[in-house]
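Novice: attaching a predicted model along with its sequence, questions to come.
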Amino acid sequence: MKSVFILSKAVLGAGLILCSLSSCKKEPKMEDPKEVAEDQNDVKFDSLDSKEDDSKYLVDVAEIDIAEIEIGKLAQQKSTNKDVKDFGKMLVDDHTKSSTQLKAIADKNNITLPTSITDMGKEEYNKLNEKSGVDFDKKFADMMVDGHEKAVDKMTKIAKDATNEEIKVWATDRVAALTGHLEHAKRLKEKLNKK
């Protein structure tokens, strides 16, 4: 009986040690929305490389749209500069429209998109949110120039490389809109740097 008691204590002790090492709490780690969408698309389009590439393009664009909408809202809330607030409103309006169009294309092609800001988007948002006053405005303008240069490059690639004709046409139209945002961002940055 004594040996059963000692064995029970040993098993219980080992269980407690393992539990403390692996944390007994089963707190779910929030997965990045972009990774979730990519994983779902990988499963759906595993044997269709061209469709898998198109799905990755759309996931990337959705990530950009969501981040731009959130950053645009932040600019409208935090800035005291009318030009920055106006640019923020333009971002929210244009990227919301883009996001709606993108979702329709994705739904038609059975492509899963992220539905909330991604980890990378949150990181950019938080960097901007730490700033205030003129520092906020200048950081915002810098982010808009850098971000839109990358977005124009990405959209140009999609317009050229997508296999789905509807995605190609949509991306071609978006290149023009994003180029307009980029030029606007450059003028804003120049104006703010004079202050």
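Specialist: Nice, I can see it.
Novice: buried residues of stretch 78-89, list them for me.
Specialist: 78-79, 81, 84-85, 87-88 (16 or more other CB atoms under 10 Å). To be clear about C-beta, it is placed using only N, CA and C from the backbone, and glycine gets the same treatment.
Novice: cool, stretch 177-187 as well?
Specialist: Residues 177-179, 181-182, 184-185 are the ones in stretch 177-187 that count as buried (16+ other CB under 10 Å).
Novice: what's the answer for stretch 129-143, then?
Specialist: For stretch 129-143, a neighbour-count test (16+ other CB under 10 Å) marks 129, 136-141, 143 as buried.
Novice: and the most centrally placed residue in the chain, how far from residue 120?
Specialist: With distances taken as CA atoms, centre = their mean, residue 63 lies nearest the centre of the chain, 3.1 Å away. With distances taken as CB to CB, to the nearest Å, residue 63 is found 7 Å from residue 120.
Novice: check residue 185 too.
Specialist: The gap separating residue 185 from residue 120 is 19 Å, by CB to CB.
Novice: how about residue 147?
Specialist: In terms of CB to CB, residue 147 sits 11 Å off from residue 120.
Novice: which of those two has more residues huddled nearby?
Specialist: When neighbours are counted by other CB atoms under 10 Å, residue 147 and residue 120 differ, and residue 147 comes out ahead with 20 against 12.
Novice: which helix or which strand is home to the more buried one?
Specialist: Here residue 147, judged by DSSP states H and E, is contained in helix 133-161.
Novice: quick one: contacts for residue 117?
Specialist: Counting by CB atoms under 8 Å, 6 or more residues apart in numbering, residue 117 touches 33, 66-67, 70, 125.
Novice: before we move on, what SS does it have?
Specialist: What DSSP: H, G, I helix; E, B strand; the rest coil gives for residue 117 is coil.
Novice: give me the mean pLDDT for the helix or strand harbouring residue 104.
Specialist: Using DSSP H and E, residue 104 sits in helix 82-108. For helix 82-108, the mean per-residue pLDDT is 96.
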